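Engineer: Provided below for reference: sequence and predicted model.
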Amino acid sequence: MPPGLASASDLDSTLQRIEARLERLEQTLEPLTKATAAAPALTSTAVDIIDDWAQQVDDLDARVRSMSELLERLTRPEALAPLMAFVEMTEHAKPALATFTDIVDETMARAAADGMEIERLVESTKNAVLRLAQLATAREVQALLDSGMLDPATLSTLGLAARAVADASEQPAKRVGMMGALRAARQPSVQRALGFLITVAENLGENLGSAPKLLLNANRKQSQKETHE
């Protein structure tokens, strides 16, 4: 075959391959071409929608400024720090939760192996939590909290009184008459105790004005409760 014919055949094959590639490239770029052609119409529609919305909103500039200020404040490092801490905590929560679950499973397995009834333990724990919740919301507990019995000064004073009673119980009881009581009243320690008791009596007397009514109401409610039961 002459060299000229071979060269023409190779050139024709090369041109066919180039044409096939151009056709595939055209098919690939066809969606992009269509989207580019439709872009002006879509942009015009979006602009019309924004214009209509802007005409309906009177304070558009103020809203845009507020959004800009909000975006600026949200992107501050001090504002993003708690969010980053929360994200880090969330990332570490899954391994920690898995570890905690493994510990609970292992503990339950050991308890079951030791003969402990897991179902009864869970039921007892649930009942205990419910009882504690009922006790925490009871009126009697609230009244105790409001009474001042748990005040640090009150607890300290009650502790001193309890210690004095405990120390006195370790000593033999003395038989003291009127003259002995008078002689004991001369002691500074006894005088301090008597002064404290007199102050308590004075304060108690001032508060007893409303006490009978409160006690009467409490006794009446208790009687009604016992009657219903």
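Structural biologist: Yep, it's here.

Engineer: Report the central residue of this structure.
Structural biologist: residue 86 (13.6 Å; Cα atoms, centre = their mean).

Engineer: On the C-terminal side of the longest helix anywhere in the chain, identify the next helix or strand.
Structural biologist: For the chain, the longest helix by residue count, based on DSSP state H, is helix 3-56. Heading C-terminal from helix 3-56, the first helix or strand you meet, by DSSP states H and E, is helix 60-74.

Engineer: and that next one, how far out from the chain's middle?
Structural biologist: 31 Å (Cα atoms, centre = their mean, to the nearest Å).

Engineer: Now do that helix and helix 3-56, the angle between them.
Structural biologist: 110 degrees (axes from the mean of the first three to the mean of the last three Cα atoms, to 10 degrees).

Engineer: can you tell me the average pLDDT over the very next helix or strand once past helix 60-74?
Structural biologist: Downstream of helix 60-74, the first helix or strand assigned by DSSP H and E is helix 77-113. In this model, helix 77-113 has an average pLDDT of 79.

Engineer: sorry, back to before: now do the longest helix of the chain, average pLDDT.
Structural biologist: Helix 3-56 comes out at a mean pLDDT of 71.

Engineer: How about stretch 139-152?
Structural biologist: On average, stretch 139-152 scores 75.

Engineer: Also stretch 193-206?
Structural biologist: Mean pLDDT, stretch 193-206: 86.
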